[in-house]
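Asker: The sequence and its predicted three-dimensional model are supplied below.
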Amino acid sequence: MFFTRRRVAQLGALGLLTAATVALTGSPAAAHVTISPSVTTAGSYAVLTLGVPHGCDGSATTKVSIQIPEQIVTVTPTVNPNWTVEKVMADLNPPVKDSHGNEVTQRVAEVVYTARTPLPDDLRDTFELSVKLPDAAGETLAFPSVQTCEQGETPWVQLPAEGQNADELEYPAPKFVLTAQADGDADDASVQPVAQTSTESSDGGTGAVGWIALVLGALGLLAGGLALVRTRRTA
């Protein structure tokens, strides 16, 4: 079942409780679950790679649930041989139009990877999701994720409060910021009139050849005239 607001709040509270426990015991997590987009340009298609670097306090990972932001409607998960994958759908109200003009009434709210064989604590794995990024430059997209293990779970769902440094969070939700579309206009100065330059060179070459031909023709006529005069004198 996809995350409800109540579920996210519960997971967030669990994450804060776990963080407090870790702080007291002095055993912080070695690395975070992260998400790496192939591109961050707003409105573009991208492949998002979610990395799971370790288990839960030494316990092997059995499931990873990834919540999809509401701004993203369609998601195509990549097959991972060691995991089964499920797309959890949610109704769209109101429906939206896709790029082909078709009405879409549901969106992918969550993607769940379940291990065929538990992922050992000392090994890492990645999960790829193909998505179309929303056209909202400057907006942050968060993907709260829950890592379930043979013993316990780790809720990577914490989001920084206003003015809070994200580095202070013990179990931050994977996220990234959408960037603006780059200026794709070509620089007029970089476009060289190659055809015109070639034509000018060709014209110059043709003129020189023409003058040479005229000179050779004149010489030929002169030589012919001299030969004719010699022939008459001999006769």
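Answerer: Okay, I see it.

Asker: Tell me which residues are up against the longest strand belonging to the chain.
Answerer: Counting by DSSP state E, the longest strand found in the chain is strand 103-119. Outside strand 103-119, the residues that touch it by CB atoms under 8 Å, 6 or more residues apart in numbering are 2-3, 52, 55, 60-68, 70, 72-75, 77, 80, 82-92, 95-98, 125, 127, 129, 149-150. (C-beta placed from N, C-alpha, C; glycine too.)

Asker: any chance you could map the strands in the protein?
Answerer: For the chain, applying DSSP E gives strands covering 34-37, 45-52, 61-67, 75-77, 83-97, 103-119, 125-132, 140-142, 145-149, 153-156, 175-177.

Asker: List the contacts of the residue nearest to residue 78 when sequence neighbours are not counted.
Answerer: The shortest distance from residue 78 to any non-neighbouring residue, by CB to CB, 6 or more residues apart in numbering, is to residue 128 (3.7 Å). For residue 128, the set of contacting residues under the criterion of CB under 8 Å, 6+ apart consists of 47, 48, 49, 50, 77, 78.

Asker: any idea how far residue 128 is from residue 122?
Answerer: In this structure, residue 128 and residue 122 are separated by 22 Å, where distance is defined by CB to CB, to the nearest Å.

Asker: and what of residue 77?
Answerer: The gap separating residue 77 from residue 122 is 25 Å, by CB to CB.

Asker: Settle it for me: which of these two has more neighbours?
Answerer: Between residue 77 and residue 122, counted using other CB atoms under 10 Å, residue 77 has the larger neighbour count: 19 against 9.

Asker: isn't that one right next to residue 129, touching?
Answerer: Yes: using CB atoms under 8 Å, residue 77 is in contact with residue 129, at 5.5 Å.

Asker: Distance check, residue 54 against residue 130.
Answerer: Counting by CB to CB, the separation of residue 54 from residue 130 is 26 Å.

Asker: Who has more neighbours out of these two?
Answerer: Between residue 54 and residue 130, counted using other CB under 10 Å, residue 54 has the larger neighbour count: 23 against 14.

Asker: can you list the weak-confidence ranges in the protein?
Answerer: Counting by pLDDT under 70, the chain has low-confidence residues at 1-30, 184-235.

Asker: on that earlier part again, which residues does the residue nearest to residue 78 form beta bridges with?
Answerer: Going by DSSP bridges, residue 128 is paired in beta bridges with residue 49.

Asker: Same question for the one 4 residues further on.
Answerer: For residue 132, the beta-bridge partners are residue 45 (DSSP bridges).

Asker: In contact with it, which residues?
Answerer: Contact partners of residue 132, counting by CB under 8 Å, 6+ apart, are 43, 44, 45, 46, 72, 73, 74, 99.

Asker: Please tell me I have it right and the fourth one contacts residue 72.
Answerer: No: between residue 46 and residue 72 there is no contact, the gap being 10.0 Å when judged by CB under 8 Å.

Asker: Now for these two: what residues contact both?
Answerer: Residues touching both residue 46 and residue 72 (CB under 8 Å, 6+ apart) are 131, 132, 133.
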